[in-house]
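Asks: missing the sequence, but the structure's below:
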């Protein structure tokens, strides 16, 4: 509104003045000529009196820009009242940057996210106070905070509510990521295993997802010998969590927890990074942000083989596992039925694995390549359902091409379309394909 805009303008003016004060105090005026000095000595007081005049008492030259002129006494009082000292704005960086953002990017102050009205609840002191800040944060800018400060995804996973994500290997395209976020999906599964993605390209996907209020989980590639180092690159890029593929041992699950969590829960290295806004803005001290990160970061593992399913008991004994995803494609290959993800034996093994996972109080995950898959596995209790971006594209492209072929064949051989105005007829021996 108008009052808010005026307040933002005032804050920006104070900030600009404070930033220039130190430089203005160091300005030296041009030395007067000898003739001017002789004239002034004849009319003015002693040289000692003249030299005792401080620079702050002189009037700045008219050609000095307003933002660089020494502040007036009233402005000095304003600076002190705002906590801004000459040349130093460290204590007020957060509210100055917020004012600048809202003034220059008003669209960021509008909550256009379709996922939930409770997205981006900020916990500044401890995870327990996040829910009480939901209404406060929704009135401001919901996108100046990283998803790590939001416990929505974590709560849905831990409560067993249906949670729907999208797996993408299109690591060089961010438009489809923003589209997925606008459609209301709960999270992005950025795939660094079955793609040529690297931390830099994944970082772009994360930025696009964050722009639309959607957290990102990254499935890392192979490299169990250095899980912590391999995961760190994606966590630094801003991922809210990590998904470990090909999990077959409790030791692997424990390593991924160590990689995602800070001490004392894990061994993740601490620094100023995207998830903590480099220590700027809201969020409290770095210690507060670490506690929030440990509470809201997500750890998922994927079982993709009979050995992994047999080890579910020990895997599920590892604390801080948020969900276990059963990968039907690799499992079918391991069972000697490559690609037959709807074979009765594969379906039965996936179903039994899901029951074991949920019995341990952990959310179970499964692919939903189409609407029928979603209904089938949801009715069997699976909570974390994931579509695949490449399948979305393929199914849509196939549907249109199928319509094109069927329509043009019908028009060509039944004289029902514009192509057959020349008089061509259907050959007697031609059999229209099914």
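Replies: Yep, it's here. Keep in mind it's a predicted model, so treat the numbers as computed, not measured.
Asks: which stretches of this protein aren't confidently modelled?
Replies: Residue ranges of the chain with pLDDT under 70: 1-5, 7-12, 14-144, 222-226, 415-434.
Asks: let's see it at 90
Replies: 1-147, 149-151, 193-194, 196-198, 221-233, 277, 279-284, 409-434 (pLDDT under 90).
Asks: other SSEs contacting the helix ranked longest in it?
Replies: Looking across the chain with DSSP state H, the single longest helix is helix 389-414. Helices and strands touching helix 389-414, by 3 or more CB pairs under 8 Å, 6 or more residues apart in numbering; DSSP states H and E, are strand 163-168. All C-beta atoms are positioned from the backbone trio N, CA, C, and that covers glycine.
Asks: Give the next helix or strand downstream of the strand it packs on.
Replies: The element immediately downstream of strand 163-168 (helix or strand, assigned by DSSP states H and E) is helix 175-183.
Asks: Next secondary structure after that following helix?
Replies: For helix 175-183, the succeeding helix or strand toward the C-terminus, using DSSP H and E, is strand 187-191.
Asks: For that next one, give me every contacting residue.
Replies: 153, 163, 165-169, 171, 177, 180-181, 197, 202, 205-206, 209, 214-219, 234, 239-240, 243, 386 (CB atoms under 8 Å, 6 or more residues apart in numbering).
Asks: got the angle for that strand vs helix 389-414?
Replies: 90 degrees (axes from the mean of the first three to the mean of the last three CA atoms, to 10 degrees).
Asks: Just the buried positions in strand 187-191, please.
Replies: Across strand 187-191, burial judged by 16 or more other CB atoms under 10 Å covers 187, 188, 189, 190, 191.
Asks: Roughly how far does the last one sit from residue 213?
Replies: Relative to residue 213, residue 191 is positioned 21 Å away (CB to CB, to the nearest Å).
Asks: again, but for the second one
Replies: Computed as CB to CB, the residue 188 to residue 213 distance reads 11 Å.
Asks: Mind listing the shared neighbours of those two?
Replies: Shared contacts of residue 188 and residue 213 (CB under 8 Å, 6+ apart): residue 181.
Asks: Would you format the buried residues of strand 187-191 as JSON lines with distance to residue 412 included?
Replies: Shown next, in JSON lines, are these (distance: CB to CB, whole Å):
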{"residue": "187", "distance to residue 412": "47"}
{"residue": "188", "distance to residue 412": "43"}
{"residue": "189", "distance to residue 412": "43"}
{"residue": "190", "distance to residue 412": "45"}
{"residue": "191", "distance to residue 412": "42"}
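Asks: tell me which of those is nearest to residue 349?
Replies: Nearest to residue 349 among the buried residues of strand 187-191 is residue 189, at 22.2 Å by CB to CB.
Asks: How about the contacts made by residue 244?
Replies: Residue 244 is in contact with 219, 220, 227, 252, 253, 255, 256, 299, 300, 301, 302, counting by CB under 8 Å, 6+ apart.
Asks: List the ones among the residues you listed that fall in strands.
Replies: 219, 299, 300, 301, 302 (DSSP state E).
Asks: So what touches stretch 395-403?
Replies: For stretch 395-403, the surrounding residues in contact (CB under 8 Å, 6+ apart) are residue 370.
Asks: Which residues belonging to that stretch are considered buried?
Replies: Using 16+ other CB under 10 Å as the test for burial, stretch 395-403 gives no buried residues.
Asks: With stretch 368-387 instead?
Replies: For stretch 368-387, burial by neighbour count (16+ other CB under 10 Å) applies to 368, 369, 373, 374, 376, 377, 382, 383, 384, 385, 386, 387.
Asks: Show the end-to-end separation of it, please.
Replies: End-to-end distance for stretch 368-387: 5 Å, by CA to CA, to the nearest Å.
Asks: Just the buried ones among the ones in strands among the contacts of residue 244, please.
Replies: Applying 16+ other CB under 10 Å to the ones in strands among the contacts of residue 244, the neighbour count classes 219, 299, 300, 301, 302 as buried.
Asks: want to throw the residues you listed into JSON lines with distance to residue 270?
Replies: Shown next, in JSON lines, are these (distance: CB to CB, whole Å):
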{"residue": "219", "distance to residue 270": "24"}
{"residue": "299", "distance to residue 270": "18"}
{"residue": "300", "distance to residue 270": "22"}
{"residue": "301", "distance to residue 270": "24"}
{"residue": "302", "distance to residue 270": "27"}
